[in-house]
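Chemist: The sequence isn't on hand, but the structure is:
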Ligand SMILES: CSC[C@@H](O)[C@@H](O)C(=O)COP(=O)(O)O
Ligand SMILES: [Zn+2]
């Protein structure tokens, strides 16, 4: 019964993220915890069109990402990342999406290894209520070796971490359940989009000032 309930919760989240066009080109993957002892979770099957809702969207895997039931389905290629998230956090749901905004932010701040947001109302979506509260998202390189990518992701998870960005790839974000994971994802995507727009506006204004100066000097 729990499995069926979790399945429909995850399928609903998938539909909502698909409606935002956050699964371009079959990218992205999702998972939801079904049991703790032993650890099992539902994860999206690899290579599916995540805009479609079918009986073959998810399969049950164990803590190592191996199928926990007889199935012809292949777990997401990035299941190891989900395994690490469940190993190092108390997450009940983990979401991975590729968006233009999260890719741009990951590239802009890759050399710093993280991005920190402060002074934004939406930081409260992460349960941070202090006036000077801040949230940091670590950024890891996009290793082609997916075991290495999962290890790199695990290595930057701190107790307060809610998401990890993979450079020019996407974001992996989690929460204690599907509702919280989706809330975190939406809040991060808002912060990314705001940051990019503000930076572009500032750049546009400095170019305008620079050109105006040049015309006067000319
Ligand atoms: C088709 S591009 C995206 C993939 O390479 C991968 O990064 C991804 O997010 C989806 O892989 P999947 O195996 O379907 O879970
Ligand atoms: Zn991916």
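Modeler: It's in. In this text the structure is predicted, and so the values were computed from the model without any measurement. Numbers count the residues shown, from 1 in each chain. Ligands and ions are numbered 1, 2, ... in the order given.
Chemist: Please work out how many residues are found near the closest residue to residue 62 other than its chain neighbours.
Modeler: Spatial nearest neighbour of residue 62, excluding adjacent residues (C-beta to C-beta, 6 or more residues apart in numbering): residue 68 at 4.7 Å. Backbone N, C-alpha and C define where each C-beta goes, glycine included. The local packing of residue 68 (other C-beta atoms under 10 Å) involves 19 other residues.
Chemist: give me every residue that touches residue 68.
Modeler: By C-beta atoms under 8 Å, 6 or more residues apart in numbering, the contact list for residue 68 reads 40, 60-62.
Chemist: quick one: low-confidence parts of this structure?
Modeler: 215-218 (pLDDT under 70).
Chemist: how distant is the longest helix along the chain from the center of its chain?
Modeler: When the chain is parsed with DSSP state H, its longest helix is helix 178-217. With C-alpha atoms, centre = their mean, to the nearest Å as the basis, helix 178-217 stands 20 Å off its chain's centre.
Chemist: Check stretch 139-150 too.
Modeler: Using C-alpha atoms, centre = their mean, the offset of stretch 139-150 from its chain centre is 14 Å.
Chemist: end to end, how far does that stretch reach?
Modeler: With C-alpha to C-alpha, to the nearest Å as the measure, stretch 139-150 spans 13 Å from end to end.
Chemist: Buried residues, that stretch. List them.
Modeler: Neighbour-count burial for stretch 139-150 flags 139-140, 142-143, 149-150 (criterion: 16 or more other C-beta atoms under 10 Å).
Chemist: What is the neighbour count of residue 167?
Modeler: Neighbour tally, residue 167, other C-beta under 10 Å: 17.
Chemist: quick one on the thing from earlier: any residue of the longest helix of the chain touching ligand 1?
Modeler: No: Helix 178-217 lies out of reach of ligand 1 by C-beta under 6 Å from any ligand atom, never closer than 14.0 Å.
Chemist: elements contacting that helix?
Modeler: helix 2-19, strand 93-97, helix 100-108, strand 114-118, strand 163-166, strand 170-175 (3 or more C-beta pairs under 8 Å, 6 or more residues apart in numbering; DSSP states H and E).
Chemist: Need these in TSV (columns: distance to residue 127 and mean neighbour count).
Modeler: Shown next, in TSV, are those (distance: least, C-beta to C-beta, whole Å; neighbours: other C-beta atoms under 10 Å):
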stretch	distance to residue 127	mean neighbour count
helix 2-19	19	16
strand 93-97	16	27
helix 100-108	21	19
strand 114-118	14	15
strand 163-166	14	26
strand 170-175	10	26
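Chemist: Check the gap between residue 24 and ligand 1 for me.
Modeler: Distance, residue 24 to ligand 1, using C-beta to the nearest ligand atom, to the nearest Å: 8 Å.
Chemist: Thought residue 98 was touching that residue, still the case?
Modeler: Yes: using C-beta atoms under 8 Å, residue 24 is in contact with residue 98, at 6.5 Å.
Chemist: Compare those two (neighbour count), which wins?
Modeler: A direct count of neighbours by other C-beta under 10 Å for residue 24 and residue 98 places residue 98 higher, at 17 against 13.
Chemist: Any idea what residue 115 is bridged to?
Modeler: Residue 115 has these beta-bridge partners by DSSP bridges: residue 137.
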